[in-house]
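Novice: 3D, please:
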Amino acid sequence: MSAVIRIAIDCMGGDSGIPVTIPAAFAFAQRFSDTHLLLVGLSEPIRQAVAEHSKHYPDVSPERMTIVAATEVVHMDDSVEIALRRKKDSSMRVAAQTVKDNQADACVSAGNTGAWMGISKYVLKTLDGIDRPAIASVLPNQLGGTTIMLDLGANVDCSAQHLLQFAIMGTAFAQVGKQNPNPSIGLLNIGEEAIKGNDVVKQAGELLRQSSLNFYGNVEGDDIFKGTVDVVVCDGFVGNVALKTAEGVVRMMSQMLREAFTRHFGAKLLGLVAMPVLKRFRAQADNRRYNGAALLGLRGVVIKSHGSADAIAFGFALDCARASVANQLLTRTTAAIAQLTQTQSLAATIGTGDPA
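Specialist: Next comes the predicted model:
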């Protein structure tokens, strides 16, 4: 890793694009002087935005940002096929290519999730022993810590073997990020009993029970935020629905609390007393703080931001990219996955009675 952490930003991605990514980039650069940002996208709009925001961030040297031209943009409704085959000079693809060419240590996009995953996989390739990358993120739990969850939307249809690989990647991610040598794994299901779930989940549970991983067993939706296990594994369809539902509940609770405290005079008095508690709740539950999910299983550090992220939330995604590089996430996760995969293969060989 170089002394300066280089992060490529897909400036065109997300619901808002440049109005979010450029101010987030300047605020991030002001916080971290050890970074160099590659601003990838349509050159002229980026150049204009940089010139405008430079006035408000005089401490950020222009030399710490480099504009990398891309002539095309992957839109939120573009298919993976369009992104890969028809837009070969998109800001997404160029950003991923900078990591491939060792011009950047990590890349970040708030764009189309399927396209970002497809492009990253095509450009960077997957690690040995991994068929499909998965989106992993940390979520707050009631114990005051975090729970890692994957997959959060990259793979809608998964086999039992894919879920086992997600568990391996999640274990490696927890070993690196949470400094936990033996993290517990939970398989998200509709019940704790082994007989519950569809055939894929049942088969995955059996594979996990036979594995060398620290498999806790099946967990239910409320276990995600209880902190029952360190890592929750599911397919991308279930994971994305669970994540978006949780975010919606938090927003609804915050709105209801605000309305309750402002509707009546007595409630206002109560609100003055309860406001510190409400503020702590909102700060802990604010999904912007947890923006920035790692695409695990790739030969490079790739971070996915929410498409609807504002500048504050996108800044946290940039924080995630920097921390991933600074903590040598790729090197350490690659080694952990290789070791876990080798252990799994050896265990499977011994279990079948074949010679090792």
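Novice: Now the spatially most central residue of the chain. Nearest residue, chain neighbours left out?
Specialist: If you average the C-alpha coordinates of the chain and look for the closest C-alpha using CA atoms, centre = their mean, you land on A293, 0.7 Å from that point. Using CB to CB, 6 or more residues apart in numbering and skipping residues adjacent in sequence, the residue nearest A293 is S137, 3.8 Å away. Glycine gets a C-beta too; all of them are placed from N, C-alpha and C.
Novice: Compute the number of surrounding residues for that neighbour.
Specialist: Each residue near S137 was counted by other CB atoms under 10 Å, and the total is 22.
Novice: Could I get the contacting residues of it?
Specialist: Contacts of S137 were listed using CB atoms under 8 Å, 6 or more residues apart in numbering, and they are 148-150, 152, 243, 290, 292-294.
Novice: before we move on, back to that, was I right about the residue nearest to the centre of the chain contacting L139?
Specialist: No. Counting by CB atoms under 8 Å, L139 is not a contact partner of A293; they are 10.3 Å apart.
Novice: Using CSV, write out every CA atom in whichever helix or strand T171 is part of.
Specialist: The secondary structure element spanning T171 is helix 160-177 (assigned by DSSP states H and E). C-alpha atoms of helix 160-177 as CSV (Å, rounded to 0.1, in the frame of the first residue of the first chain):
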residue,chain,number,x,y,z
ALA,A,160,-26.7,-23.5,-1.1
GLN,A,161,-23.0,-23.5,-2.1
HIS,A,162,-23.2,-19.8,-2.7
LEU,A,163,-24.6,-19.2,0.8
LEU,A,164,-21.7,-21.2,2.2
GLN,A,165,-19.2,-19.0,0.3
PHE,A,166,-21.0,-15.9,1.7
ALA,A,167,-20.4,-17.4,5.1
ILE,A,168,-16.7,-17.9,4.4
MET,A,169,-16.4,-14.3,3.1
GLY,A,170,-18.4,-12.9,6.1
THR,A,171,-16.2,-14.8,8.5
ALA,A,172,-13.1,-13.4,6.8
PHE,A,173,-14.6,-9.9,6.8
ALA,A,174,-15.4,-10.2,10.6
GLN,A,175,-11.9,-11.5,11.3
VAL,A,176,-10.5,-8.4,9.7
GLY,A,177,-13.0,-5.7,10.6
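Novice: helices or strands up against the helix or strand following it?
Specialist: Past helix 160-177, further along toward the C-terminus, the next helix or strand under DSSP H and E is strand 185-188. Counting contacts by 3 or more CB pairs under 8 Å, 6 or more residues apart in numbering; DSSP states H and E, strand 185-188 packs against helix 160-177, helix 199-210, strand 215-219, strand 231-233, helix 236-262.
Novice: For D34, find the nearest of those.
Specialist: Of all these, the one in closest proximity to D34, counting by CB to CB, is helix 160-177 (19.9 Å).
Novice: For that closest one, what is the distance to the chain centroid?
Specialist: 14 Å (CA atoms, centre = their mean, to the nearest Å).
Novice: now stretch 219-226
Specialist: On the basis of CA atoms, centre = their mean, the separation between the geometric centre of stretch 219-226 and that of its chain is 19 Å.
Novice: what do you get for stretch 24-34?
Specialist: 20 Å.
Novice: same check, this time on stretch 218-225
Specialist: With CA atoms, centre = their mean, you get 19 Å for stretch 218-225.
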